[in-house]
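Peer 1: when you get a sec, could you give me coordinates for this:
(chains A and B)
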Amino acid sequence: GAVVSQHPSRVICKSGTSVKIECRSLDFQATTMFWYRQFPKQSLMLMATSNEGSKATYEQGVEKDKFLINHASLTLSTLTVTSAHPEDSSFYICSAPTRDYKNIQYFGAGTRLSVL
Amino acid sequence: GQSLEQPSEVTAVEGAIVQINCTYQTSGFYGLSWYQQHDGGAPTFLSYNGLDGLEETGRFSSFLSRSDSYGYLLLQELQMKDSASYFCAVRMAAGNKLTFGGGTRVLVKP
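Peer 2: Take a look at the predicted model:
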C-alpha cells in the first residue's frame, strides 16, 4: 500500500484563488519532504525541500511567495499555491525519503491542478 | 550545471530486453537511482547503485560505472505492463535530494 498520501488528487479552481495540497507520510517519520512539478511527458522538476520545524529550501527560479511550504509535523507537509493563475496548472508531486542507504523516495500519487 | 542524459524513447516487443543508458555530469555523486512512472501515476523506486557494478532485482538490473559517469537499467523479459517512463536520478550529496534525468518512455508492443 501507499506509504505517502497526497491530497487532493485533482483540483480545478478559478484564477486568483489559493490551493493547498497535503502530503503525509503514513508509515514513517519524514523530517524532509520534497515537492516536484511535472509537465506532460517531462521530467520531475524539484521545486523545494520541505524541512520539519524550519523554513523550506527553494530551488533557483521558484517563487517562495507563490509556493508556500509548511512542514508542521514529522508526517505532514503542505504546499499552497497562492493566487493561482493558468500558468500554474501542472502536476504536483511530493515525496518523502527513507533513511536507509538507498535513499529510496516514496512519492505521493500527485495532484493535477487546473487553473481556469 | 548538472545534467543527466538518457534516451527519450525506446520501443520493444514483449519478451525482449531493453537497456536504458544514463550519463551524468554533476557536482557531486553519492549514488544513482532508477524510478518507474506509469502515465498519470506516481514514480516508484526500482533500483539503486552506490558502488560500481551490477544490482539485480528480478527482471530489472542496474549497473553503475562511476569512473565513466554512466549507468544503465536493464529490463528483461519485457511485459506489456512495463510500458512506462523510466527516470535515472543522481544523489549528489549526503542529503536526500535527487536530480532526475529527462526520462525514457518505454513502449512495449505485442
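Peer 1: drop to CA atoms for contacts and neighbour counts, all remaining ones
Peer 2: Will do.
Peer 1: low-confidence bits of chain A, can you list those?
Peer 2: A:1-2 (pLDDT under 70).
Peer 1: the strands in chain A, which residues?
Peer 2: Using DSSP state E, the strands of chain A run over A:4-7, A:10-13, A:19-25, A:32-38, A:44-51, A:57-58, A:67-73, A:76-81, A:90-97, A:105-107, A:111-115.
Peer 1: any chance you could list what contacts the fourth one?
Peer 2: Applying Cα atoms under 8 Å, 6 or more residues apart in numbering or on different chains, the external contacts of strand A:32-38 come out as A:44-52, A:77, A:79, A:90-97, B:97.
Peer 1: would CSV of the strands of chain A with mean neighbour count be doable?
Peer 2: Shown next, in CSV, are the strands of chain A (neighbours: other Cα atoms under 10 Å in any protein chain shown):
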stretch, mean neighbour count
strand A:4-7, 20
strand A:10-13, 14
strand A:19-25, 21
strand A:32-38, 22
strand A:44-51, 23
strand A:57-58, 16
strand A:67-73, 19
strand A:76-81, 22
strand A:90-97, 26
strand A:105-107, 24
strand A:111-115, 20
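Peer 1: which residues touch residue 71?
Peer 2: Using chain A here. With contact taken as Cα under 8 Å, 6+ apart, residue A:71 is in contact with A:50-54, A:77-78.
Peer 1: actually chain B
Peer 2: Residues in contact with residue B:71 (Cα under 8 Å, 6+ apart) are B:21-23, B:32, B:62-65.
Peer 1: secondary structure, pLDDT and neighbour count added to the residues you listed, as JSON lines?
Peer 2: As requested, the contacts of residue B:71 are exported to JSON lines (DSSP: H, G, I helix; E, B strand; the rest coil; pLDDT from 0 to 100; neighbours: other Cα atoms under 10 Å in any protein chain shown):
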{"residue": "B:21", "secondary structure": "strand", "pLDDT": "98", "neighbour count": "17"}
{"residue": "B:22", "secondary structure": "strand", "pLDDT": "98", "neighbour count": "25"}
{"residue": "B:23", "secondary structure": "strand", "pLDDT": "97", "neighbour count": "18"}
{"residue": "B:32", "secondary structure": "strand", "pLDDT": "96", "neighbour count": "30"}
{"residue": "B:62", "secondary structure": "strand", "pLDDT": "98", "neighbour count": "24"}
{"residue": "B:63", "secondary structure": "strand", "pLDDT": "98", "neighbour count": "23"}
{"residue": "B:64", "secondary structure": "strand", "pLDDT": "98", "neighbour count": "24"}
{"residue": "B:65", "secondary structure": "strand", "pLDDT": "97", "neighbour count": "16"}
